[in-house]
Every structure is written in structure tokens, then in C-alpha cells.
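Novice: just to be clear, the model below is a prediction. Sequence and coordinates:
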Amino acid sequence: MADIALAPPARGKPRPALWTIPPILVLAVLFFYPLGLIVRQSLGDEGTISLQYFFEVFASREFHRGLYNTITIAIGSTAGCLVLGFALSLTIAFVPFPGSRFAGRLVETFIALPTFLVTLAFTFVYGSAGILNESLMSLFGTELPPVDFLYSRWGVMLAEITVYTPFVMRPLLAAFSLIEHSQIEVASSLGARPARIVRQVIFPAALPALVAGGSLCLLLTVNEFGIVLFIGARDVITLPMMIYGKAIQEFDYVTACVVAVVNVVLSLGLYGLYRWVVAYFGGSRAGMV
């Protein structure tokens, strides 16, 4: 009779629920506890819980202006990222030119750069003492800089468009790589002009990536702080800038916490929108395939 190898007794395996404890503890220490402190501070001092500070902040003109600037800058920057990102990605993917592959790889490298580098470069080029203004002042003999858009809402949007356009281009280039060139060749052989090919062939395939990239840009621009701070536009007060001013400059921590709670709620809402958009278009595309 052949020997039968007996398997060692199975040891008790940890329950799947136990694996969730370490990440929950990390989130509790690094995220939920600080967020809880902010929410608690926004409701008043210790021993009192009141929405009075929320009503006071919501009724202030400063908060209205900060919320308005945050939303308008985010929407304007996102729209610029979508238009510029689509045009550049279309050129890199479908218009052959020397260095097109290098340009596509450069997009990923540009994402890793800190935002203040672009703002610093803009200051050297478009600032009051920048290259452009110095050249125009010496050329026309003027005493004041003729180009003065950088220290305004338009300067902030231009900097954000420059920084966050690669976040739209990266998914677009990936989507364009999946389009079969034979479809474009067939449409062209049937007499379709480039504009029609883009509208009926390329754009529908790129729409999920375009919407997902735009949602991500909207989320990032709502929370952008470094660009606005580095440009130093006095009239451009966004919600992150308002939090910084109230907490660091005025030591008004209650108001800063109230605005922070509003900013967190807005950010979580936009993140939920981003996740829904990605899931919806991803499911729609999978269903089509």
C-alpha cells in the first residue's frame, strides 16, 4: 500500500475583515482625525456646537467673492485645458512631424514638474519687469508696462491652463492610439474633409478621455493654491487663498476652518463627479465593444 502523505493541518487564516484594520487606522490618523478637528473648530469653541459661524461666513462678501473666483477660474481653466489639450493631442497623434513621439513623451515629464516653475517662468516673461514688457517699453518709450494681465484672473487661468493641459493630453493620446488609421483612410477616400473626420470619427472615440481629463482638471484647479499665491494677484482671492489668509495672516482659525469645510465638500463633490464620469463612460465604451 502506497504511503499517503498527510498534509499538515491548516492553520487558521486571518479573516478578510482584519486586513482592513491597518488602512483604516492609517486613514484615521492621517485624514479623518485632522479633518475632524477642522470640522469641530468650525462649529465653535469647546463645549459649544453652533452653525453661527457658517451663517456669518456665508453672508460675507469676501466669501462670495472667493467662491466666485474659485468657480470661474476653475471653469475657465478647465475649458482652456480641454480646447488646447484636444488641439495639441490631435496634432501629435495624427499630423506627422519630426519629434512628434518626443513631444508625446514630454507630456508625461511635464506632469511631474511643480506648478510654481511655470508661474516663475511667466513672471520672467510677462511680469512687470519681464522680457516682454522690458522690450515693449524700450521699443515704444513708455514708462508703464503695456502688458499687465499676469497679475489678474486671466494670468492665473493662463498659468493653470499651461500646467494642467497635460492632464487632458495624456488620456487623449492614449485614446487616439486606439483609433485605427484605416477608419480615417476610408473616410478620407470617401471624400470626407478633415473637419468632418475629426467630428464624426475622432471626437466620439476621444469623448470619454476628454470628459475624464476635464473632470480631473476641474478638481485640481478648484484646489489650486501655489499658482495663485506665487502670482500674487491682489484681487484674486480663491477659497484656498482665503483659508491661508484667515489662518496664517489674520489668525482667524474659525473662519479658516469654515471655509476649509466648504472647500472639502466642494472637492469631494467634484471627485465624486469625476469617478462617476469615468465609470459611466468606461461602462458605455465597454458596452459598445
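Specialist: Done, it's in.
Novice: tell me the pLDDT of residue 232.
Specialist: Looking at residue 232, its pLDDT stands at 78.
Novice: what is the longest helix anywhere in the chain packed up against?
Specialist: Longest helix in the chain, counting residues (DSSP state H): helix 253-288. Packing contacts for helix 253-288, counted by 3 or more C-beta pairs under 8 Å, 6 or more residues apart in numbering; DSSP states H and E, involve helix 33-42, helix 52-58, helix 61-94, helix 203-222, helix 239-244. For glycine as for every other residue, the C-beta is placed from the backbone atoms N, C-alpha and C.
Novice: using JSON lines, please lay out the ones you listed together with mean pLDDT, distance to residue 185 and mean neighbour count.
Specialist: Listed next are the helices and strands packed on helix 253-288 as JSON lines, based on pLDDT from 0 to 100; distance: least, C-beta to C-beta, whole Å; neighbours: other C-beta atoms under 10 Å:
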{"stretch": "helix 33-42", "mean pLDDT": "84", "distance to residue 185": "54", "mean neighbour count": "14"}
{"stretch": "helix 52-58", "mean pLDDT": "91", "distance to residue 185": "58", "mean neighbour count": "15"}
{"stretch": "helix 61-94", "mean pLDDT": "93", "distance to residue 185": "11", "mean neighbour count": "19"}
{"stretch": "helix 203-222", "mean pLDDT": "90", "distance to residue 185": "15", "mean neighbour count": "21"}
{"stretch": "helix 239-244", "mean pLDDT": "93", "distance to residue 185": "48", "mean neighbour count": "20"}
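Novice: out of the ones you listed, which comes closest to residue 281?
Specialist: Distance to residue 281, taken as C-beta to C-beta, is lowest for helix 203-222 among the helices and strands packed on helix 253-288, at 3.5 Å.
Novice: the closest one to helix 61-94, inter-axis angle?
Specialist: Helix 203-222 and helix 61-94 are oriented at 140 degrees to each other (axes from the mean of the first three to the mean of the last three C-alpha atoms, to 10 degrees).
Novice: who touches helix 203-222?
Specialist: Residues outside helix 203-222 that contact it (C-beta atoms under 8 Å, 6 or more residues apart in numbering) are 70-71, 73-75, 77-78, 81-82, 85-86, 89, 160, 164, 167-172, 174-176, 178-179, 239, 263, 266-267, 270-271, 273-274, 277-278, 281-282, 284-285.
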